[in-house]
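# show me how the following folds:
(one chain, ligands or ions: 1)
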Amino acid sequence: MKKTINSKLMFKAAKKVIPGGVNSPVRSFDAVGSSPVFIKKAKGSYLFDEDGNKYIDYINSFGPLIFGHSNKEISNAAIKAIDKGTTFGACHKNEVKLAELIKNKIPSMEMTRLTSSGTEATMSAIRLARAFTNKDKIIKFEGCYHGHVDDLLVQAGSGLTTFGSPSSPGIPKDSTKNTIIAEFNNLNQLKKIFSKNKNKIAAIILEPVPANMGVVLPRKNYLNELIKLAHSNKSLVIFDEVISGFRISIGGAQEYYKVRPDITCIGKIIGGGFPIGAFGGKKEIMSILSPSGPVYHAGTLSGNPVAVAAGIKTIELLEKKEKRIYSDIEEKALYIKTELEKLQINSIKINQIGSLLTLFMTKDSTVDNYKDVLKCDNKIYGKFFNNLIKLGIMIPPSQFEAMFISDSHSRNDIMNTVKGFKKAIKSLGLK
Ligand SMILES: *Cc1c(COP(=O)(O)O)cnc(C)c1O
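Numbering: from 1, shown residues only. Model (predicted):
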């Protein structure tokens, strides 16, 4: 039995002063019927908790840590930056360098604005798209997450053009009346939405590879056709690559699938573990931002020198190791997938792309959209999670999050993970 007393006591104290005891809901382990472990430190592929337990970490802080925890070179870059001042409220050289690096790797981001979070990036991208097209409506997909922006916190609702009702209290209906919900991977439905809303749709926003309902892959040509459809209706396409950017390949999902959105949002990896976000796109679109245009966007800590330094170092390391790292992390994810598929368990379906994967607890043969995802058995996932915790393996505490493989996961970690998965699956009696 693992010792958990310290985490339990800390959680008890946390609940008195922090709502639900957490600063972001998924951390509560509610979705897996458990209570959270408190992390004392993290290094490489491992988390160490306050009770002295060690875990192979696949949460990866939900995406930023492609080199694992506390990478020396990235930490050193941040420390060096701190020594020169933690924030200036003024221009500095490295902001330009980061924007150039981003443009170099993601050419559709001809110009980039930095923010302090992915949420700010999507919020601003939507404002920008609405202003540029002079239209109000946006299309978002069920199960895609774009941060906690009012207009985008809508997901439920079946039917063809279900106008979003907010999925959180506190969001006025007026905020979501211009948000149209669509089903991912369903092009016909999208066509119908466009023909019902002629000249009203500013943009489609999507995760090109959704990873916030578990990993779901776009069907062949789907992204291409979606962009064509939007453009033929004079609407913009916003790729939310906050997870997929610099993750699926160095140039993100748009490089992987050879498509070009109008606006892209990134975050996570480009901050090297520090708070960051960015949105960028065509020059003519980005140029309407204040002060070169009328659309307002700002931020006290936008372009923060510490986050920017860590981000630059991360991208430079990725660039230097590109050939090896992306095939390496993919190989590790594929190994886990193939080893588990050999067991021929009918009630687990694995979606994987690059270093992202999700084990869906479902008997369906494909998981292609949110409706498929909702058919998964959360109880079984919760038991699976808790079995793994006991074995020192930390997968995401929800069926709806992706597992992230980082460069720091060793062959040994991966072998032990497969062993642990097999054991956990066996004790669940899954067939
Ligand atoms: C994490 C995430 C966001 C929000 O980023 P924050 O930094 O948490 O605000 C937006 N979009 C996607 C796809 C994400 O995964």
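# going forward, measure contacts and count neighbours with C-alpha atoms only.
OK.
# hey, which helix is longest across this protein?
helix 322-341 (DSSP state H).
# what residues sit buried inside the lowest-mean-pLDDT helix or strand in the chain?
Sorting the helices and strands of the chain by mean pLDDT, DSSP states H and E puts helix 173-176 at the bottom, at a mean of 83. Going by neighbour count (16 or more other CA atoms under 10 Å), the buried part of helix 173-176 is 175-176.
# so which bits of the stretch 1-150 of the chain are right by the ligand?
Counting by CA under 6 Å from any ligand atom, the residues of the stretch 1-150 of the chain close to the ligand are 117-119, 145-147.
# rewinding a little: what does the longest helix of the chain contact?
With CA atoms under 8 Å, 6 or more residues apart in numbering as the test, helix 322-341 has contacts from 248-250, 318, 350, 352-357, 405-407, 411, 414, 417-418, 421-422.
# drop anything exposed from these.
The neighbour count (16+ other CA under 10 Å) marks 248-250, 318, 350, 352-357, 405-407, 414, 417-418, 421-422 as buried among these.
# and the residue nearest to Ser167 when sequence neighbours are not counted, how far is that from Gln189?
Excluding its sequence neighbours, the residue lying closest to Ser167 (CA to CA, 6 or more residues apart in numbering) is Val154, at 5.1 Å. With distances taken as CA to CA, to the nearest Å, Val154 is found 18 Å from Gln189.
# ok, these two, which is more surrounded?
Val154 (26 against 15; other CA atoms under 10 Å).
# my guess is that one contacts Pro166, does it?
Yes - between Val154 and Pro166 there is a contact under CA atoms under 8 Å: 4.9 Å.
# what residues do those two have in common as contacts?
Residues within reach of Val154 and of Pro166 at once, by CA under 8 Å, 6+ apart, are Thr176.
# tell me the pLDDT of Gln155.
What the model reports as pLDDT for Gln155 is 66.
# same thing with the one 10 residues further on?
In this model, Ser165 is scored at 65, pLDDT.
# and Asn233, by the same measure?
Note on Asn233: pLDDT of 98.
# tell me where the chain has helices.
Assigned by DSSP H, the helices in the chain fall at 5-17, 72-83, 93-105, 118-133, 173-176, 187-196, 222-232, 252-256, 283-286, 305-320, 322-341, 370-374, 378-390, 411-428.
# confidence-wise, which of these is weakest overall?
Lowest mean pLDDT within the helices of the chain: helix 173-176, a mean of 83.
# in terms of secondary structure, what does it contact?
For helix 173-176, there is no helix or strand it packs on, judged by 3 or more CA pairs under 8 Å, 6 or more residues apart in numbering; DSSP states H and E.
# just the strands in the stretch 151-300 of the chain please.
Ranges of strands in the stretch 151-300 of the chain, per DSSP state E, counting those that start in this stretch, are 179-182, 201-206, 236-240, 263-267, 277-281.
# tabulate the ones you listed (CSV), appending mean neighbour count.
Output for these, formatted as CSV (neighbours: other CA atoms under 10 Å):
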stretch, mean neighbour count
strand 179-182, 27
strand 201-206, 26
strand 236-240, 27
strand 263-267, 30
strand 277-281, 28
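# and the ones you listed as JSON lines, adding mean pLDDT?
Output for those, formatted as JSON lines (pLDDT from 0 to 100):
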{"stretch": "strand 179-182", "mean pLDDT": "94"}
{"stretch": "strand 201-206", "mean pLDDT": "98"}
{"stretch": "strand 236-240", "mean pLDDT": "98"}
{"stretch": "strand 263-267", "mean pLDDT": "98"}
{"stretch": "strand 277-281", "mean pLDDT": "98"}
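# so which of the ones you listed gets nearest the ligand?
The ligand sits nearest to strand 236-240 of all those, at 5.4 Å, using CA to the nearest ligand atom.
# tally up the residues packed near Leu101, please.
17.
# contacts only, for it.
Residues in contact with Leu101 (CA under 8 Å, 6+ apart) are 312, 315.
# residue ranges of each domain in this protein, please.
Following automatic domain parsing, one gets these domains for the chain: 5-70+322-428, 88-303.
# turn the ones you listed into CSV, including distance to Thr314.
Formatted as CSV, the domains of the chain follow (distance: least, CA to CA, whole Å):
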stretch, distance to Thr314
domain 5-70+322-428, 8
domain 88-303, 6
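# okay, those, which one's buried deepest?
domain 88-303 (a mean of 20; mean count of other CA atoms under 10 Å).
# okay, how far is it across that domain, tip to tip?
Between where domain 88-303 begins and where it ends, there is a gap of 10 Å, by CA to CA.
# same question for stretch 241-260.
End-to-end distance for stretch 241-260: 12 Å, by CA to CA.
# contacts for that stretch, please.
For stretch 241-260, contacts defined as CA under 8 Å, 6+ apart pick out 63-64, 66, 105-106, 108, 118, 207-209, 211, 223-224, 261, 264-270, 277, 315, 318-319, 322, 326, 353-356.
# let's go with 7 Å and repeat that
63, 105-106, 108, 118, 207-209, 224, 264-269, 326, 354-355 (CA atoms under 7 Å, 6 or more residues apart in numbering).
# is there proximity between it and the ligand?
Yes - contact of stretch 241-260 with the ligand (CA under 6 Å from any ligand atom) involves 241-243.
# just the pLDDT at Thr162, thanks.
45.
# got the contact list for Leu301?
When contacts are counted by CA under 7 Å, 6+ apart, Leu301 touches Ser116.
# next one: it, what pLDDT does it get?
The per-residue pLDDT of Leu301 was computed as 97.
# how close does it get to the ligand?
14 Å (CA to the nearest ligand atom, to the nearest Å).
# and Asp372, by the same measure?
Note on Asp372: its distance to the ligand, by CA to the nearest ligand atom, is 19 Å.
# so who does that residue touch?
The contact partners of Asp372, by CA under 7 Å, 6+ apart, come to none.
# with the one 10 residues further on instead?
Residues in contact with Gly382, defined by CA under 7 Å, 6+ apart, are 32-33.
# kindly recompute the last result at 10 Å.
Contact analysis of Gly382 by CA atoms under 10 Å, 6 or more residues apart in numbering lists 29-34, 388, 397-399.
# hmm, which two among these are most spread apart?
Farthest-apart pair in those is Asp30 and Leu388; separation 16.0 Å (CA to CA).
# which residue packs closest to Ala99, ignoring adjacent ones?
Thr112 (5.8 Å).
# mind listing the residues bridging to that neighbour?
Beta bridges link Thr112 to Gly280, judged by DSSP bridges.
# with adjacent residues omitted, what lies nearest to Met109?
Gly281 (4.0 Å).
# ok, the one you found - contacts?
By CA under 10 Å, 6+ apart, the neighbours of Gly281 are 103, 106-113, 125, 238-239, 260-265, 287.
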